[in-house]
Structures are given as C-alpha cells and as structure tokens.
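Q: Sequence first, then the predicted structure, then my questions.
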Amino acid sequence: MQYFLTIDNGGTNTKAVICDAQGKQIAVTSFSTKRIEPQPGFQEIRLTTLLADIGTVIQAALKKAQLAAAQISAISVVGHGKGLYTLDQQGQILMNGILSTDERAQTLATQFQQQVEQIYPLSHQQIMASQAPVLLRWLKEHRRPLYDQIGVVLSNKDFIRYLLTGEIKQELGDASGNNLINLQTHAYDAALCNFFGIPEIYHKLPPLIQATDLAGQITAQAAAATGLQAGTPVYGGMFDIDACAIATGVLDEQHLSMIAGTWNMNIFPSNNLAPQEAGLMNSIFPTGCNLIEASSPTSAGNLSLMIKMLLKQEVQQAQAQKKSIYDDLEELLAQTDATSAKVFFFPFLYGSNVDPQAEGGFLGIRSSTTKSELMRAVYEGIGFAHRYHIEQLLQVLGQKPVSIRMSGGACNSSHWVQMFADILNAPIELTAVQELGGLGGAIACAVGSGVYPDFDTAVQKMSHVVKTYQPDPAQVSIYKQKYQVYYSLLQALDGKWSPLHNLQEELNNEDDS
C-alpha cells in the first residue's frame, strides 16, 4: 500500500492528514494555528516552535493510522497563500510569520492598487494588503533594520517544507498568487519588485519548482522532531486553494471550487485570464493552466471570532456537557430558516471584499433581536460574501457551472452547506474526504512519485463526490431579496468608511502613546 502524508497549515488549524493511493483518508490530527495579534490588524504566527508542533500532530496521525513512519511513501505540504515568511542571510528564522489575514499594510495596498495597471499585464494580480511584496514594503518603511536582514522570502508551505528538508525552494503556483511572478514567462520579474519599491528583494527569491517536483527528503533533524523516517521524499506541494480545487475534481470550467474557511475563496481553472476590470486574481494552476480567483478574508474565520465575542457563556456550558458549541449552533440552523434573521452581518472582521476600509458589523438590530438571530445573521452574511465573489466569477465565466464543489470548515455543518446552496441558487457537491487540503497534497505526491501519470488520472482514482445539496426554491426566493438588501447597503456605504477608519487609527495611536 502507498500512504501519503500532507501537512496542511491553514490560518485557523494546522493538520497532519494521511491518505492512501485511492484517496481514502486514513487519519487526521490537528492543532489550532497559534495566531499572535501584537496589535490590532497584525496577524502573526511564531515560527520557532512550529516544527515541534507539527511533529506532535504527525506522530499522533501515524499512531491513529497504526502506521510506522517507514510506511509513508511521500510527503507534501499545503499552506495558506499570501502572507510572508522569511529567513535571514544565514538561512535562519528571522521573525514571526505573517498570516494572510494581516491588515497592517492596507493603506499601502490601497495606494499601490490605484496604480495596478502598471503591473497587471505582468502578474495579472490585483493588490492586497497581505501579499508578500506589500508586506515587504511595509517592513522597509516601518522595520528597516529587520528588513535589511532578510535573506530569503518564502510562502507558508515553502517555509514548512524548508523545516523538513533544509532545501530553500518556492513552488510556482503559490508565488504566482503572491504578486511575484510574470504569468507570461512563469518566472520572477524584477519589474514587480521595482514597482513595490523593494528592488533588493528580487535576488532573495528562491528557485522555483512545480507542485509535483521532488523538493527534498526528510532530514535527520526533522526526523527527530517529527517521528518521520529520514530520507522520505518530499514533493513541492500547493497553495491551499489549488489543493482544494484539485481534491474536489475541479480541473476545468465545468465546476467552481468554493472554500469556506479562514478565507472566502472562489475559483475555477481556465485557459484564459481574467481582465483587470473584473477585479479578479489570476495565478498558475498546477496543471499548467490559469486559476481565476475571487477571494477575501470574509468567510468562516468570522464565525469563529463572533462565537468568542457573543457566546462565551454558551461555549462554557457546551464544554461542561462534553459537547461542542457547533453542535448547539447546528440545532439553531435546523430550527430556523431564511425568514428568521432580520439582521444583516458584514463579515469584515479580517478585511472586506468591498471598500478596503469597510469594517465588520450588524445592521438592523432592534430591541427584540436575540443572540440566536445575530448568530444566524453571521452564517448568512458569510454566505452573502461568497455570493458577491461567485457573481464576479460568473461575469468572466459567462455561464452557470454544473455545480459548485465546496470545501473548508463550513462543510462540517450540513445546514450551512444547504444555506450556501440556497443563497447561491446552485447545487453544492461535497466529496468523500473531509480534509481536502490533505487530499490535494496526496494527489501531488501520487503524481510526483509516478503512481499516476497526471492530475486527470489521479483525480479520477482519488476524488469522489458523495453528496449533493440542491437549492430549495422557497429559500432561494427569500435569500434573493435579502442579498439585494445586503448589496444595496454595501453600495450605500461605499466610500463612506474613511471617517470611521481614521477615527480608529487615531484612537489606536492614543492608546499606544
């Protein structure tokens, strides 16, 4: 038997997933990604303990699967896109990693976006605050001594792969999604670094590899920390949205891939590129075609934070009863429908998909509003944020997809998946494996090691749709009305967020002083 191990490092959870060559999930273990928020808008992760933490879940996964380390045929890493991970000039960890939900460079991103036409013909990317070049420029302006020590710039999964192999390499798809790659040449372009005012970084970008390339082997040091066998091959791996699309069998324009996790990701592979005016992102998909993306940090991460804000007592009660707060919320969704919440929630706690300065919040609260209604509105608001992006994609795609293949933490709630089908008025399909990032990594291993000749064959053998949620016409009609109101409210507020943003910045500065 062939067994593949994927380390899937997301902004919310970090997992070790073991799958076999038929795509069966053998074991999964996880821990909560240890976010650090040193000040509002800063989202970081401590890197000095990451290998030890990953080692703990790998050993737990091996034990759960009842496998010896020698039975793992190959390993890959899947990670969140964007963000920034650096080594110093001696190849040592320089600073905390910066997560994709970080907002510190939002003002810079807005300024650069106003001139995006200068680089769009090269990278075919819009500009976001959490992209590596924008964060690097922020460091140059605000942490210059630290910036001057940078020796290597990596993405999340490429950093983890470095911890495992000691090899410093960057996978092409991830780099192309981070505004570092010329999509015509499939190579770094000095003009991109020059545009962001970081020309010295161009020579600190590591060699590029493909998702299925052999990237190294587990070192003796990594073996001691993780329990893996030294010499086990490690393949390039993927940006998490690529991994989830491939794991759900989304290889062409017939289906859309929707990820409802820390980020709101909506994508489809295409031989074409989205034009600048569409406001979408383009990157290089592991199959060699382009990936068209509409995304923002407006998904299930907002639900997690609202639970912490609103349901502290309910969480404690659930724990005392040896159950999860999500069990109680699932009952809430089962007992309510589209008519139940008269409140609208803007899921902009980590950033928005409209005005860059928009903030999260509720509209429509009355004296009769309950916590339950607020929580239902949170679920719906996240669904509306996904619909906003799906409609952007459909304008480029020009046709309705056969289905939307869904992944991410939201898939754990069957009632929420049904809500997505109703809000989007489209069939939602789920695949057999729950941890799709892990399956995508396993597929990369299977193709890279020659178990299957290509992605098409691997997907046929390893990805299986097991359930479809059809939209309910009655709920679709109500959600159509609600989305129109949601959208009209956002339009009314467009360009009106600056006074609030400026006030918040002023008060933050007073707190710091």
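A: Cool, the structure landed.

Q: Show the pLDDT at the spatially most distant residue from the centre of the chain.
A: Ranked by distance from the centre of the chain (Cα atoms, centre = their mean), the top residue is S367, with 37.0 Å. At S367, the model reports a pLDDT of 96.

Q: what does V433 give?
A: The model's pLDDT for V433 equals 86.

Q: Around it, how many other residues sit close by?
A: V433: 24 surrounding residues under other Cβ atoms under 10 Å. Quick note: C-beta positions are derived from backbone N, CA and C, even for glycine.

Q: Give me the secondary structure label for the residue farthest from the centre of the chain.
A: Using DSSP: H, G, I helix; E, B strand; the rest coil, the structure places S367 in coil.

Q: Output the below-cut-off pLDDT ranges for the stretch 1-150 of the chain.
A: Under the criterion pLDDT under 70, no range of the stretch 1-150 of the chain is flagged.

Q: What segments of it are helices?
A: For the stretch 1-150 of the chain, the helices defined by DSSP state H, counting those that start in this stretch cover 50-65, 106-113, 120-123, 132-142, 144-148.

Q: Quickly compare these and say which is most buried.
A: helix 132-142 (a mean of 22; mean count of other Cβ atoms under 10 Å).

Q: Show me what that one is in contact with.
A: 82-84, 98, 102, 104-105, 108-109, 112, 127-129, 146-147, 150, 153, 155, 178-180, 192-193, 195-198, 201 (Cβ atoms under 8 Å, 6 or more residues apart in numbering).

Q: Then stretch 328-339?
A: So stretch 328-339 is contacted by 307, 314, 318, 372, 375-376, 379-380, 413-416, 419, 422, 475, 478-479, 482 (Cβ under 8 Å, 6+ apart).

Q: could you redo the last one with a cut-off of 6 Å?
A: Stretch 328-339 is contacted from outside by A318, S372, R376, S413, H415, Q475, I478, Y479, using Cβ atoms under 6 Å, 6 or more residues apart in numbering.

Q: Just give the nearest non-adjacent residue to the fifth one, would you?
A: So the one you mean is H415. Nearest non-adjacent residue to H415, counting by Cβ to Cβ, 6 or more residues apart in numbering: L333, 3.6 Å away.

Q: Against F345, how distant is that neighbour?
A: In this view, L333 and F345 are 14 Å apart by Cβ to Cβ, to the nearest Å.

Q: Tell me which of these two has more neighbours.
A: Shown here are L333 and F345; by other Cβ under 10 Å, F345 has more neighbours (27 against 18).

Q: Tell me which residues touch Q321, please.
A: By Cβ under 6 Å, 6+ apart, Q321 has no neighbours at all.

Q: Model confidence score at it, please.
A: 93.

Q: Ramachandran coordinates for it?
A: Note on Q321: backbone dihedrals following degrees, to the nearest 10 are phi -90, psi 10.

Q: cool, A129 as well?
A: According to degrees, to the nearest 10, A129 has phi -60, psi -30.

Q: wait, isn't it in contact with L108?
A: No - at 7.3 Å, A129 does not count as touching L108 under the criterion of Cβ atoms under 6 Å.

Q: any idea of the pLDDT on the nearest residue to I168 once chain neighbours are set aside?
A: Once flanking residues are discounted, I168 sits nearest to P206: 4.8 Å by Cβ to Cβ, 6+ apart. For P206, the model assigns a pLDDT of 98.

Q: How about the one 3 residues further on?
A: Per-residue confidence (pLDDT) for I209: 98.

Q: What's the separation between it and Q170?
A: 7 Å.

Q: Neighbour count for the two, which is higher?
A: The neighbour count for I209 versus Q170, taken as other Cβ under 10 Å, is higher for Q170 (27 against 21).

Q: Test for you: state the pLDDT assigned to that one.
A: Taking Q170 on its own, its pLDDT is 97.

Q: With D511 instead?
A: Taking D511 on its own, its pLDDT is 71.

Q: What about Q418, how many residues nearby?
A: 18.

Q: So for the host helix or strand of it, mean pLDDT?
A: Using DSSP states H and E, Q418 sits in helix 414-424. The predicted model assigns helix 414-424 a mean pLDDT of 98.

Q: ok, residues contacting it?
A: 330, 333-334, 379, 383, 387, 390, 410, 428, 469, 471-472, 475-476, 479.

Q: Look up how far K323 lies from the residue nearest to I168.
A: Distance from P206 to K323, by Cβ to Cβ: 46 Å.

Q: likewise A191?
A: In terms of Cβ to Cβ, A191 sits 55 Å off from K323.

Q: So for these two, which sits in the more crowded spot?
A: A191 (14 against 11).

Q: Not counting residues beside it along the chain, what's closest to the more buried one?
A: Leaving aside its sequence neighbours, A191 sits nearest to L122 (Cβ to Cβ, 6+ apart; 6.1 Å).

Q: isn't that neighbour right up against L183?
A: No - if you go by Cβ under 6 Å, L122 and L183 don't touch, sitting 7.3 Å apart.

Q: that older thread, spatially, which two of the contacts of helix 414-424 are the most separated?
A: A334 and I390 (24.9 Å; Cβ to Cβ).

Q: Tell me which of these two has more neighbours.
A: For the pair A334 and I390, the greater number of neighbours falls to I390 (22 against 12), based on other Cβ under 10 Å.

Q: In contact with E373, which residues?
A: E373 neighbours (Cβ under 6 Å, 6+ apart): A341, V343.

Q: And for the residue nearest to G261 when sequence neighbours are not counted, the neighbour number?
A: Ranked by Cβ to Cβ, 6+ apart and with sequence neighbours excluded, the top spatial neighbour of G261 is G408, at 3.5 Å. Other residues near G408 number 23, with proximity taken as other Cβ under 10 Å.

Q: Okay, Q90 and K323: tell me how far apart.
A: 49 Å.

Q: now do S32
A: For S32, the distance to K323 - Cβ to Cβ - is 18 Å.
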